[in-house]
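Chemist: give me a model of this one.
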Amino acid sequence: MLRQQLKDALKTAMLAKEARTVSTVRLIMAALKDRDIAARPKGQADGIADDEILQMLQAMIKQRRESITMYEQGNRPELAKQEGEEIAIIETFLPKQMTEAEVEAAIRAAIDDADATSIKDMGRVMAKLKERHAGQMDFAKAGPVVKALLSA
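Modeler: Predicted coordinates for the structure are as follows:
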């Protein structure tokens, strides 16, 4: 499903002559192809699944956010702006992001399901969250919330 969305977006952007969208979607497609090739020895001849594609997109967004920070520190606002535009394009392929209240509710449910009682159980809780909510929440922001709830 996501693969077809990407192909359609590339065609549409090419017809509309949207250079930034074309280049960003091509970057996504190249990263996807790399992941597909890496997955072949593991028995995934058809390529990676949609949930893994969502994780890849999240990682791409995270990389760009880090780049924005570096560019702003290096006084390169034009490059930071470019990264921001790429983030906006990548986010169009992700499902609707969860609100803070929804994230906290999902974390509490995962803690209950994992029977987590201490910070030592954080890995199990994060694994449950990634399994259920890939692409819907920012796990970098969810981590401190999980830690806080398990520490309380």
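
Chemist: and Ile48, how far is that from Leu32?
Modeler: Computed as C-beta to C-beta, to the nearest Å, the Ile48 to Leu32 distance reads 7 Å. Glycine gets a C-beta too; all of them are placed from N, C-alpha and C.

Chemist: name the residues contacting each of those two.
Modeler: Any residue near both Ile48 and Leu32 by C-beta atoms under 8 Å, 6 or more residues apart in numbering counts here, and that gives Met56.

Chemist: look up how far Gly84 lies from Pro77.
Modeler: Noted for Pro77: a distance of 10 Å to Gly84, by C-beta to C-beta.

Chemist: walk me through the domains of this structure.
Modeler: As assigned by automatic domain parsing, the chain contains the domains 2-91, 100-151.

Chemist: now render the ones you listed as JSON lines, adding mean pLDDT and mean neighbour count.
Modeler: Formatted as JSON lines, the domains of the chain follow (pLDDT from 0 to 100; neighbours: other C-beta atoms under 10 Å):
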{"stretch": "domain 2-91", "mean pLDDT": "93", "mean neighbour count": "15"}
{"stretch": "domain 100-151", "mean pLDDT": "87", "mean neighbour count": "16"}
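
Chemist: find the nearest non-adjacent residue to His133, please.
Modeler: Leaving out its chain neighbours, the residue that sits closest to His133 by C-beta to C-beta, 6 or more residues apart in numbering is Ala106, at 5.8 Å.

Chemist: which SSE is immediately downstream of the helix or strand that Lys128 is a member of?
Modeler: Here Lys128 sits within helix 122-133, counting by DSSP states H and E. Next helix or strand after helix 122-133 toward the C-terminus (DSSP H and E): helix 139-151.

Chemist: and the angle from that next one to helix 122-133?
Modeler: Orientation check (axes from the mean of the first three to the mean of the last three C-alpha atoms, to 10 degrees): helix 139-151 against helix 122-133 gives 130 degrees.

Chemist: who's in contact with helix 139-151?
Modeler: With contact meaning C-beta under 8 Å, 6+ apart, helix 139-151 is reached by 58, 62, 103-104, 107-108, 110-111, 116-119, 121-122, 125-126, 129-130.
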